[in-house]
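K.L.:
Below are the sequence and a predicted model; questions follow.
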Amino acid sequence: MGNLIEFTLFAPRNQGAVLIGSFSDWQEIPMQKSEDGYFRTKIQLKDGVYQYKFRIQTKSPNFAPNEWIDIIDPKATDVNETKKHATVRIKDGQRIVDTYVWQHDEMPLPDNRELVIYEMHVADFTGDEVDSDKRGKYLGVIAKLDYLLELGINAIELMPVNEYPGNYSWGYKVRHYFATESSYGSTEDLKQLIDECHARGIRVFMDAIYNHTDEECPLLLIDRNYWYYEYKHYPEDPDNYWGPEFNYDNYDEKLNVKPAWKYIGDVVKFWIEEYHIDGIRFDAVRQLANFEFFNWLTKQAKKHAASKHFYNIAEHIPDTNTVVKPDGPLDGCWHESFRYFVVPYICGKSFELEQLKEILDPKKQGYATATNVINYLATHDRQRLLRELGDAGIFDAEAFKRAKLAAVLLMTAMGIPMLWMGEEFGEYQPKSESVTQPQKITWSLLTSDQNHNLFKYYQKLIALRRQNLALQSDNIEFFHEDKNNKVLAYSRWDKQDSQVVVAVNFSAVNLTKYEIPNFPSAEYWRDWFGNCEVETQEDSLVTDLPSYTAKVFVWQ
């Protein structure tokens with residue numbers, strides 16, 4: 001006979017709904033509506049896999065009043081967009097997502113201060129795989145995890161992996177929030193990827209799109225104006241309108257619920273508990289513009305994550321300290337101003353010391369701690385550094401020299417460093433102009449000496465950042481400024497007496513036997529890249545500073 005399995009659909013303003021599925025030969029099964037706004041029915045199901053969907057009298061204005069339409073369950077964990085139905089799995093009389101058994105939940109993971117984040121798009125990161133089971137798939141990412149481990153990465157940030165329309169997209173218009181993108185592989189594959197990351201001490205962050213949805217999101221088909229703003233949230237900002245926007249202001253007095261809050265809260269709970277994610281990057285926080293909601297949601301996230309480290313990250317462009325603690329609801333913010341100001345300095349277009357110091361020391365911008373900012377040189381939304389350099393007429397060896405300078409600033413500034421996939425070896429493709437056009441990483445570049453040398457440079461910098469607590473601290477001091485020669489020197493330190501000094505030449509002139517006064521006192525310093533000891537003389541250090549080069553000195 002099987003067990004009674006309940007199907008529910010929250011649709012408080014809709015008049016009628018029925019269930020149809022493979023278990024009923026696609027014949028309608030009545031659903032009863034309760035005062036809590038839910039339609040419900042229970043049916044006997046043996047263990048197995050079934051397909052189903054709902055038929056409902058819609059309240060959305062783009063249909064005739066109370067027209068019957070078919071919709072996929074808004075909480076479906078597995079969907080088939082081609083056939084327009086959801087899949088439900090029953091095992092031991094219970095609904096399950098899959099049968100994956102976690103292996104590495106007890107592995108220690110880095111705390112937020114220790115992070116070096118790697119942003120990736122699953123399909124583009126793995127587009128070179130020969131094996132079709134891995135190319136463009138979660139399994140392909142697993143195959144490259146040891147590469148990331150070799151680089152020193154200890155956190156990956158996955159561009160959206162919720163089910164989206166079609167077989168390729170950046171994923172920023174979500175259609176199904178509880179389902180994973182099927183073109184990347186199965187739910188078990190995604191869990192295995194996260195589990196394998198944890199086995200290597202790598203945390204996994206999910207890119208979450210809670211500002212807007214795809215136009216065919218089931219919630220929109222059920223009752224558009226219950227879930228979404230009827231008109232644009234910010235009509236004066238049409239360039240930043242990407243689709244119907246969740247109405248987080250809507251409060252249903254009859255049911256005492258804010259429906260969009262409840263739904264997205266359930267989404268976050270599901271992803272933390274079902275997929276064991278370690279953090280969320282919240283897209284379009286400025287457009288969503290509801291700190292009360294974020295304050296509630298991020299507390300919910302940490303409650304569901306229990307005792308493990310969790311990192312709530314805002315994409316708020318331009319960046320602002322108001323979005324992060326102690327005054328704001330999130331832990332960290334993408335530090336867009338870091339990239340915005342550093343890139344022109346690297347390209348030789350500008351040099352303004354006070355501005356430079358503000359982005360290297362975000363406390364000057366009002367940020368409280370290192371974990372409040374995520375620094376980067378490029379993201380999926382921004383041009384790659386080598387492309388920026390090329391646009392400035394800087395190529396070949398000179399471009400790679402400046403890329404190394406940028407890498408030093410990224411890894412030694414106060415804040416959490418983040419790499420956009422491929423930056424570490426000099427990927428130079430222009431930013432994709434289409435979110436539906438694949439742009440595979442050019443892994444063959446690693447066979448070139450200068451690209452591989454850049455990779456090794458990043459590798460050594462990341463190793464220093466992870467092993468030296470000074471670079472994870474909130475402490476930075478600018479002890480030497482030379483506007484005429486475009487030189488800046490700063491010190492990073494922590495309470496354990498570890499210390500790192502960075503001296504940067506932002507000019508096109510090679511400075512030989514350059515004296516850096518007021519150099520922090522220590523018996524010996526090690527030139528991190530020269531791999532040799534250097535000695536200070538009477539509180540100063542004399543060294544060669546080639547053009548557009550940074551030197552890193554580590555206290556022995």
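P.N.:
Thanks, I have the structure now.

K.L.:
what sits opposite the most centrally placed residue in the chain in the beta ladder?
P.N.:
A centroid search over the chain (Cα atoms, centre = their mean) returns Glu157, at 3.9 Å, as the residue closest to the centre. Here Glu157 sits in beta bridges with Glu119, Phe205, going by DSSP bridges.

K.L.:
What's the separation between it and Asp124?
P.N.:
Relative to Asp124, Glu157 is positioned 14 Å away (criterion: Cβ to Cβ, to the nearest Å). For the C-beta atoms, the positions are set from N, CA and C on the backbone; glycine is no exception.

K.L.:
now swap in Asn247 and tell me
P.N.:
As defined by Cβ to Cβ, Asn247 lies at a distance of 33 Å from Asp124.

K.L.:
just to revisit the earlier point, check contacts around the residue nearest to the centre of the chain.
P.N.:
With contacts defined as Cβ atoms under 8 Å, 6 or more residues apart in numbering, Glu157 is in contact with Ile117, Tyr118, Glu119, Met120, Phe205, Met206, Asp207, Arg281, Met418.

K.L.:
how about the nearest residue to the second one once chain neighbours are set aside, phi and psi?
P.N.:
Sequence neighbours aside, Ile153 is the residue nearest to Tyr118 in space, at 4.5 Å (criterion: Cβ to Cβ, 6 or more residues apart in numbering). When read as degrees, to the nearest 10, the backbone of Ile153 gives phi -60, psi 140.

K.L.:
And Ile153, how close does it get to Lys191?
P.N.:
Computed as Cβ to Cβ, the Ile153 to Lys191 distance reads 20 Å.

K.L.:
Which one's more surrounded, the two?
P.N.:
Set side by side, Ile153 and Lys191 give different neighbour counts by other Cβ atoms under 10 Å, the larger being at Ile153 (26 against 21).

K.L.:
Now do the same for that one: its pLDDT.
P.N.:
As summarised for this prediction, Ile153 has a pLDDT of 98.

K.L.:
my read: it touches Ile202, true?
P.N.:
Yes - at 6.5 Å, Ile153 and Ile202 qualify as touching, with contact defined as Cβ atoms under 8 Å.

K.L.:
Next, the buried residues of the helix or strand of the chain with the lowest mean pLDDT.
P.N.:
Between all helices and strands in the chain, the lowest mean by mean pLDDT, DSSP states H and E belongs to strand 532-534, at a mean of 93. Going by neighbour count (16 or more other Cβ atoms under 10 Å), the buried part of strand 532-534 is Val534.

K.L.:
which outside residues touch that strand?
P.N.:
Strand 532-534 is contacted by residues Tyr524, Trp525, Arg526, Asp527, Leu541, Thr543, Phe553, Gln556 when judged by Cβ under 8 Å, 6+ apart.

K.L.:
Ok, stretch 517-525 next?
P.N.:
When contacts are defined by Cβ under 8 Å, 6+ apart, stretch 517-525 is touched by residues 479-480, 489, 491, 493, 499, 501, 533-536, 539-541, 553-556.

K.L.:
go again using 6 Å as the cut-off
P.N.:
Phe479, His480, Ser491, Glu533, Val534, Thr536, Asp539, Ser540, Leu541, Phe553, Trp555, Gln556 (Cβ atoms under 6 Å, 6 or more residues apart in numbering).

K.L.:
Go through the residues you listed and name the one nearest Pro259.
P.N.:
For the contacts of stretch 517-525, the residue nearest Pro259 by Cβ to Cβ is Ser491; the value is 51.9 Å.

K.L.:
these two touch, right, Ala123 and Arg135?
P.N.:
No - because the distance of 8.5 Å does not satisfy Cβ atoms under 6 Å, Ala123 is recorded as not touching Arg135.

K.L.:
of these two, who's got more company?
P.N.:
Between Ala123 and Arg135, counting by other Cβ under 10 Å, Ala123 is the more crowded of the two (24 against 16).

K.L.:
quick one: the more buried one is in a helix?
P.N.:
Yes - with the criterion set as DSSP: H, G, I helix; E, B strand; the rest coil, the secondary structure at Ala123 is a helix.

K.L.:
Spatially nearest residue to it, not counting backbone neighbours?
P.N.:
Once its chain neighbours are removed from consideration, Ala123 has its nearest residue in Gly136; the separation is 4.1 Å (Cβ to Cβ, 6+ apart).

K.L.:
Tell me, how many residues neighbour the one you found?
P.N.:
Neighbours of Gly136 under the rule other Cβ under 10 Å: 24.

K.L.:
in what helix or strand does it lie?
P.N.:
Using DSSP states H and E, Gly136 sits in no helix or strand.

K.L.:
Against Gly201, how distant is it?
P.N.:
26 Å.

K.L.:
what comes up buried for stretch 52-62?
P.N.:
Burial within stretch 52-62, assessed by neighbour count using 16+ other Cβ under 10 Å, is assigned to Tyr52, Lys53, Phe54, Arg55, Ile56, Gln57, Thr58, Lys59, Ser60.

K.L.:
Just say helix, strand or coil for the nearest residue to Pro430 once chain neighbours are set aside.
P.N.:
Closest residue to Pro430 apart from its sequence neighbours, by Cβ to Cβ, 6+ apart: Arg387 at 5.6 Å. Reduced to three states with three-state DSSP, the structure at Arg387 is helix.

K.L.:
ok, now how distant is Arg387 from Trp443?
P.N.:
For Arg387, the distance to Trp443 - Cβ to Cβ - is 18 Å.

K.L.:
Next, count neighbours for Phe553.
P.N.:
The criterion is other Cβ under 10 Å. On that basis, Phe553 has 27 neighbouring residues.

K.L.:
which strand of the protein spans the most residues?
P.N.:
Criterion DSSP state E: the longest strand present in the chain is strand 48-57.

K.L.:
so where is the protein shaky, pLDDT-wise?
P.N.:
Counting by pLDDT under 70, the chain shows low-confidence ranges at 1.
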